[in-house]
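# would you be able to build a 3D model of this:
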Amino acid sequence: MMHRTVWIMARAALTIAASTLASGCTGAATQPGSPPPLATVAASPLAPTQVSQWLSFDAAAKTATLTMVADAQGVDNRYNFNGFSHGSLVITVPRGWMVTVHCNDDPLAAYAHSCAVVSGAESKTSAFPGASLPDPTGSGYVSAGESKSFTFTPGAPFVGRFACLLIGHESAGMWATFQVSNAGQPSLGTRA
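Below you'll find the predicted structure:
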């Protein structure tokens, strides 16, 4: 019985720690069993030419289309999305909007990559139903010059990651910050 109690307490502590990290909080206290506060990530807007290449939306229809280019050339870290790595790209979409993601691998890419919206670092489970390529940790990847798509509708405010789930890619920096706001319009920015 004691081992079970210790395991339950350890699991609860890990859950709280993971939730705090995923939400971008810096140690704000939460009561056990209560959801951590949502801490959105402040972002500086990208140049309009970059945004128009990677994001389009229809506010009346509440739909957004996001193009993510894996292993974009011309940057130091080849483990990137659209040339950004280590969460520096901030993707914001409103709750309840239908989001279509085109996951493209650069034609000159050296490796295959995958795309998924996940809750926290090294998570392998989609944060929302349909928020990843099928089998993003295995055969559901894109190869050089290839494109695959997925569509999902985030139903709650959220701060997490848009990541490549192939072994070692996320830890090498291949992730962007992905957040769902209560209102507003989709946007792309960089961490402020």
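# would you tell me what the next helix or strand after the lowest-mean-pLDDT helix or strand in the chain is?
Every helix and strand in the chain was compared by mean pLDDT, DSSP states H and E; the lowest is helix 2-23, with a mean of 36. Sequence-wise, the next helix or strand downstream of helix 2-23 (DSSP states H and E) is strand 43-45.
# residue contacts, the residue nearest the centre of the chain?
Nearest to the geometric centre of the chain sits residue 162, at 1.9 Å (C-alpha atoms, centre = their mean). In this structure, residue 162 makes contact with 68, 81, 91, 115-117, 175-178, judged by C-beta atoms under 8 Å, 6 or more residues apart in numbering. Quick note: C-beta positions are derived from backbone N, CA and C, even for glycine.
# could you give the mean pLDDT of the helix or strand where it lies?
According to DSSP H and E, residue 162 maps onto strand 158-163. Throughout strand 158-163, pLDDT has a mean value of 97.
# what strands line up against it, and which way round?
strand 116-118 (antiparallel), strand 175-181 (antiparallel) (DSSP bridges).
# I'd like the average pLDDT over the last one.
Across strand 175-181, pLDDT averages out at 97.
# so after it, what's the next helix or strand?
According to DSSP H and E, the helix or strand after strand 175-181 is strand 187-191.
# buried residues in that following strand?
187-190 (16 or more other C-beta atoms under 10 Å).
# which of these sits closest to residue 149?
Nearest to residue 149 among those, counting by C-beta to C-beta, is residue 188 at 17.9 Å.
# tell me the contacts of that closest one?
43, 45-46, 50-51, 54-55, 89-92.
# which of those residues fall in strands?
43, 45, 55, 89-92 (DSSP state E).
# now list the buried members of those.
Applying 16+ other C-beta under 10 Å to these flags 43, 55, 89-92 as buried.
# is residue 162 bridged to anything, and to what?
With DSSP bridges as the rule, residue 162 is bridged to residue 117, residue 176.
# scratch that, residue 70 is what I was asking about
Where residue 70 sits in a bridge, its partners, by DSSP bridges, are residue 81, residue 105.
# ok, now which ones touch it?
Neighbours of residue 70 in contact, by C-beta under 8 Å, 6+ apart: 80-81, 103-106, 109, 113, 115, 142, 164, 174.
# please repeat the previous calculation with a cut-off of 10 Å.
Counting by C-beta atoms under 10 Å, 6 or more residues apart in numbering, residue 70 touches 78-82, 103-106, 109, 111-115, 141-144, 146, 164, 166, 169, 174.
# before we move on, what about residue 175?
Applying C-beta under 10 Å, 6+ apart to residue 175 gives the contacts 79-81, 84-89, 116, 118, 121-122, 160-165, 169.
# mind doing that once more with 6 Å?
87, 161, 163 (C-beta atoms under 6 Å, 6 or more residues apart in numbering).
# identify the residues contacting residue 67.
With C-beta under 6 Å, 6+ apart, residue 67 has these contacts: 54, 102.
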